[in-house]
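In: Sharing a model that was predicted from the sequence below.
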Amino acid sequence: MSTNLGRFITFEGGEGVGKSTQIHRLANVLRRRGHDVLVTREPGGSLGAEAVRHVLLSGAAEEFGVRMEAVLFAAARSDHVEEVIRPALAEGTVVLCDRFMDSSRVYQGVTGNLEPGFIENLERIAVNGMIPDLTLVFDLPAEAGLRRAKAREGKDASPDRFEKEELATHEKRREAFVDLTQSEPDRCKLINADQTEDAVALAVLSEVEAVLEPDGSTEPARDRKA
Ligand code: TYD
């Protein structure tokens, strides 16, 4: 029997779709139910990756081009996977991660116009087999998301390198996330983020329960033999 009892759940979507709020709500529910839960994020989540995060989000790497940025996201991801995610899962922790490989597919691949083969190669190296058990894709019209992100910045920060881009780019990302969900329907589930916080939380929980207790099994999907 596998000793890996953890589950790896990632949260994806455009800017201001409400991922962080929902991750923390879900973490609280799961902890009350007795799960060990780790909330983490990308870019970042480990010491090495947090160092790279600043370079990426400040825009310091922008002048070196999107290929360079994609490699830096992958470097950060590799450190995060090996230093934090894999060890936590091995201890039976439920890992909730704010963005992961699908953000690179969409931001660097689709709207960064990098060739798919390059993104796939980086992904294979960075992820190193650590495919999420479940990916929740938060869907919201780009305009509404940007409005929310701006309201948030009013309170604590200025827009980062990726938030500054044009509305059309944000819409293109939204479509790319929806396409991705349709192309991997077993792993990816679309969450309608254009409803009340409570309604979104219920939709999230229902998808997560299906993965945590599918048939009473405690073995994660990726470790199950076909
Ligand atoms: P962050 O402040 O963590 O924001 P958010 O609340 O939007 O998740 O910013 C992360 C930014 O980095 C976000 O604009 C998306 C971008 N990003 C990529 O372009 N590629 C990636 O692989 C990842 C993980 C993030």
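Out: Right, received. Where do you want to start?
In: Let me see the ranges of the helices in the protein.
Out: Applying DSSP state H to the chain gives helices spanning 19-32, 47-57, 66-80, 86-90, 101-103, 116-127, 142-156, 167-183, 197-212.
In: closest to residue 136 out of the ones you listed?
Out: Nearest to residue 136 among those is helix 197-212; the distance by C-beta to C-beta comes to 6.1 Å. To be clear about C-beta, it is placed using only N, CA and C from the backbone, and glycine gets the same treatment.
In: Check which residues of that closest one are buried.
Out: Across helix 197-212, burial judged by 16 or more other C-beta atoms under 10 Å covers 200, 201, 203, 204, 205, 207, 208, 211, 212.
In: what's that helix packed up against?
Out: Applying 3 or more C-beta pairs under 8 Å, 6 or more residues apart in numbering; DSSP states H and E, one finds that helix 197-212 contacts strand 7-13, helix 19-32, strand 134-139, strand 188-192.
In: pLDDT of that helix, averaged?
Out: For helix 197-212, the mean per-residue pLDDT is 97.
In: ok, back up a step: could you redo the helices and strands packed on helix 197-212 as JSON lines and give each row mean neighbour count?
Out: Compiled in JSON lines, the helices and strands packed on helix 197-212 are given as follows (neighbours: other C-beta atoms under 10 Å):
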{"stretch": "strand 7-13", "mean neighbour count": "26"}
{"stretch": "helix 19-32", "mean neighbour count": "17"}
{"stretch": "strand 134-139", "mean neighbour count": "23"}
{"stretch": "strand 188-192", "mean neighbour count": "19"}
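In: Which one, of these, ends up nearest to residue 154?
Out: Nearest of the helices and strands packed on helix 197-212 (C-beta to C-beta): helix 19-32, 16.2 Å.
In: Now do the closest one against helix 142-156, angle only.
Out: Put simply, helix 19-32 runs at 80 degrees to helix 142-156, going by axes from the mean of the first three to the mean of the last three C-alpha atoms, to 10 degrees.
In: and the angle for the helix or strand of the chain with the lowest mean pLDDT with strand 7-13?
Out: The least trusted helix or strand in the chain, going by mean pLDDT, DSSP states H and E, turns out to be helix 142-156, with a mean of 85. For helix 142-156 against strand 7-13, the angle by the same axes, to 10 degrees is 100 degrees.
In: all numbers from here: first residue = 30
Out: All right, first residue 30 from here; so that's helix 171-185.
In: Show me the contact partners of helix 171-185.
Out: Residues from elsewhere that reach helix 171-185, judged by C-beta atoms under 8 Å, 6 or more residues apart in numbering: 42-47, 188, 192, 196, 199-200, 202-203, 222-223.
In: that older thread, need the helices and strands packed on helix 226-241 in a markdown table with mean pLDDT and distance to the ligand, can you?
Out: Shown next, in a markdown table, are the helices and strands packed on helix 226-241 (pLDDT from 0 to 100; distance: least, C-beta to the nearest ligand atom, whole Å):
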| stretch | mean pLDDT | distance to the ligand |
| --- | --- | --- |
| strand 36-42 | 98 | 8 |
| helix 48-61 | 98 | 6 |
| strand 163-168 | 98 | 10 |
| strand 217-221 | 98 | 15 |
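In: So the most centrally placed residue in the chain versus residue 112, what's the distance?
Out: The chain has residue 128 as the residue nearest its centroid, 2.0 Å off, counting by C-alpha atoms, centre = their mean. Taking C-beta to C-beta, to the nearest Å as the measure, residue 128 falls 17 Å from residue 112.
In: ditto for residue 57
Out: 25 Å.
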